[in-house]
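Trainee: Sharing a sequence plus its predicted fold:
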Amino acid sequence: MKPQPLQFSSPPDDREELARAEIYGLLAQLFMVAPAPEFYEQLRVAPTEAPTRGGLLEASFGELVASARRLSREAVASEYDALFQGIGKPEIFLYGSFHLAGTVNDKPLVQLRHDLRALGLERADGHGETEDHLASLCEVMRYLIAGDDPVLGSLVAQQRFHAAHLGDWVSRLCEQVAAHPQADFYRTVALFARDFFAVEQQAFDLLDG
């Protein structure tokens, strides 16, 4: 479940689905570790205008890119460490189990591992974070959308995974990050993520209509 290189354009066919997959990949990279130099430069020069003016994510993505242009990568790395790393309890937990059950490595992680086995996925050797880390969950969603299996990648399968492992807590996490006094770059990341997950939830809700 390694994030793919960041891309900001997609071919005409299946453009919307590929754009969704790219955003999940982008969020996976932003939340897994502090941005690497090459990735951060790509973000700084990313186009911020949607193909159609007033696109739902245009404003919050523009704010994200603007913050990348304003802040040094070193400052962003320090911010990441201050928010999400540290010895003992971090300022903000990025693990689904913590937000769903109040502790890490709890029952939600057990259920997630069961669901990942059903999808034929498992944690890569040497990967330090548990599978319920937000970045890992975003990578699973990217895989479901962009993968070759039409059954595993169906909208119903995507909705089921999202509802079980992201839908109940990810918006609260985004608000928590955005409100943290030490968040600057990651405030804009969180607000972009919040807007994106809101669009995802609205789309999935239409499947039940």
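Mentor: Sure, I can see it.
Trainee: use CA for all of it now, contacts and neighbours both
Mentor: Will do.
Trainee: contacting residues for residue 32?
Mentor: Shown in contact with residue 32 (C-alpha atoms under 8 Å, 6 or more residues apart in numbering): 134, 135, 136.
Trainee: Same check on residue 81?
Mentor: residue 34.
Trainee: if we can go back for a sec, return the closest of the contacts of residue 32 with respect to residue 171.
Mentor: Closest approach to residue 171 among those (C-alpha to C-alpha): residue 134, at 11.5 Å.
Trainee: ok, now which ones touch the closest one?
Mentor: 28, 31, 32, 94, 95, 96.
Trainee: could those residues go into TSV alongside distance to residue 20, secondary structure and pLDDT?
Mentor: What follows is the contacts of residue 134, written out as TSV (distance: C-alpha to C-alpha, whole Å; DSSP: H, G, I helix; E, B strand; the rest coil; pLDDT from 0 to 100):
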residue	distance to residue 20	secondary structure	pLDDT
28	12	helix	97
31	17	helix	97
32	18	helix	96
94	21	coil	97
95	22	strand	95
96	21	helix	95
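Trainee: If you rank those residues by neighbours, which is first?
Mentor: residue 96 (28 neighbours; other C-alpha atoms under 10 Å).
Trainee: can you pull the contacts of that one?
Mentor: With contact set as C-alpha under 8 Å, 6+ apart, residue 96 has these partners: 104, 108, 109, 132, 133, 134, 165, 166, 169, 170.
Trainee: let's see it at 6 Å
Mentor: residue 132 (C-alpha atoms under 6 Å, 6 or more residues apart in numbering).
Trainee: what's the distance between it and residue 165?
Mentor: Distance from residue 96 to residue 165, counting by C-alpha to C-alpha, to the nearest Å: 7 Å.
Trainee: Repeat that for residue 111.
Mentor: 9 Å.
Trainee: Could you check which of these two is surrounded by more residues?
Mentor: residue 165 (21 against 12).
Trainee: Spatially central residue for this protein, please.
Mentor: For the chain, residue 27 is the residue whose C-alpha lies nearest the centre (C-alpha atoms, centre = their mean; 3.4 Å).
Trainee: so where's this structure shaky on pLDDT?
Mentor: Within the chain, the stretches with pLDDT under 70 are 1-13, 50-54, 125-127, 209.
Trainee: Could you rerun that using 50?
Mentor: 1-13, 52 (pLDDT under 50).
Trainee: Walking through it, point out its helices one by one.
Mentor: Secondary structure of the chain by DSSP state H: the helices cover 15-32, 37-44, 58-70, 73-84, 96-101, 107-118, 134-146, 155-165, 170-179, 185-207.
Trainee: Looking at those helices, which is nearest to residue 124?
Mentor: Minimum separation from residue 124 across the helices of the chain (C-alpha to C-alpha) falls at helix 134-146, 10.8 Å.
Trainee: returning to what we had before: return the most buried member of the helices of the chain.
Mentor: helix 134-146 (a mean of 24; mean count of other C-alpha atoms under 10 Å).
Trainee: Sounds good, over and out.
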